[in-house]
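Visitor: Give me a model of this one.
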Amino acid sequence: MTRQRTSLLLALFVSLAILAAIGSANDFRTSDITGQGYGDVISGLVGPEGRAHNRDDFKGRVTVLLFGFTHCPDICPTALLNLSAILDQLGEKSSLVQVAFVTVDPERDTAEVLQDYLGSFGPNFVGLTGEPDAIRQVAKAFKVFFQKVPLPGGDYTMDHSIAIYALDKHARVRLMFTMNRPLEDIVHDILELLREAS
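Guide: The predicted structure is shown next:
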């Protein structure tokens with residue numbers, strides 16, 4: 001075989017490998033944050049059954065994870081309603097998706113309060129609370145900011161980041177988006193994660 005033909009075959013092989021890689025890559029419409037260090041810590045959060053959750057509890061299904069609080073006047077309920085609509089659009093595949101709502105207000109949001117609050121959005125919604133330090137560690141791992149803001153009369157509200165994350169079936173953080181995205185883009189990306197090989 002001549003040197004020119006060897007070079008040509010090598011170039012063809014490399015081109016085919018690149019095309020195969022491009023063809024098999026997911027075409028996400030939201031922000032792909034795979035491997036960028038989000039969500040390295042997922043532990044110490046308490047679910048409705050009263051036990052601490054860790055990363056293994058998120059394996060087996062696609063998980064959409066967001067931070068918020070039950071006394072939130074508009075942003076959190078709107079996001080949860082939109083996520084409920086997304087689950088409806090997924091049809092039968094919605095059983096393969098869960099929504100995890102991590103409170104940034106553990107003082108008021110007990111496991112029971114979260115369960116009651118999230119029950120109105122559907123059976124796929126789970127609320128997670130915990131000790132303030134545990135919540136701070138998980139929030140920091142997701143690069144989420146939150147703080148208590150005093151209100152007149154001694155009450156308070158919470159300021160917090162509004163990013164939403166999607167974890168794949170291996171509990172790896174893959175996507176980030178806000179509810180400004182068209183719902184069909186989020187549905188598309190969840191379906192992409194569900195299509196990935198186990």
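
Visitor: So for T157, what pLDDT did the model give?
Guide: Here the pLDDT value assigned to T157 is 96.

Visitor: looking at this, it is in a helix?
Guide: No - under DSSP: H, G, I helix; E, B strand; the rest coil, T157 falls outside any helix and is assigned strand.

Visitor: Enumerate every residue touching it.
Guide: By C-beta atoms under 8 Å, 6 or more residues apart in numbering, the residues touching T157 are H71, C72, P73, K148, V149, L151. Where C-beta positions appear, they are placed from N, C-alpha and C, glycine not excepted.

Visitor: quick one: it and S31, what's the gap?
Guide: From T157 across to S31, the span is 28 Å (C-beta to C-beta, to the nearest Å).

Visitor: correct me, but L167 touches V62?
Guide: Yes - if you go by C-beta atoms under 8 Å, L167 and V62 touch, sitting 6.8 Å apart.

Visitor: Next, count neighbours for the residue lying closest to S43 once chain neighbours are set aside.
Guide: Distances taken as C-beta to C-beta, 6 or more residues apart in numbering place N54 nearest to S43, at 4.5 Å, with adjacent residues excluded. When counting by other C-beta atoms under 10 Å, one arrives at 12 neighbours for N54.

Visitor: Please determine how far N54 is located from F67.
Guide: Separation of N54 from F67 (C-beta to C-beta) stands at 18 Å.

Visitor: in the protein, what spans have low per-residue confidence?
Guide: For the chain, the stretches flagged by pLDDT under 70 are 1-25, 197-198.

Visitor: at 90 what do you get?
Guide: 1-26, 40-44, 48-55, 197-198 (pLDDT under 90).

Visitor: Helices of that one, start to end?
Guide: Counting by DSSP state H, the chain has helices at residues 3-24, 75-90, 111-119, 132-141, 183-195.

Visitor: coming back round to it: what sits against the residue nearest to S43?
Guide: Contact analysis of N54 by C-beta under 8 Å, 6+ apart lists I42, S43, G44.

Visitor: measure the second one to H53 for me?
Guide: Read that as S43. Using C-beta to C-beta, S43 is found at 7 Å from H53.

Visitor: again, but for the first one
Guide: Plainly put, I42 is 8 Å away from H53 if you go by C-beta to C-beta.

Visitor: likewise R61?
Guide: In terms of C-beta to C-beta, R61 sits 13 Å off from H53.

Visitor: Compare neighbour counts for the two and give me the winner.
Guide: Set R61 next to H53 and count neighbours by other C-beta under 10 Å: H53 wins out with 20 against 17.

Visitor: First-to-last residue distance for stretch 38-51?
Guide: 24 Å (C-alpha to C-alpha, to the nearest Å).
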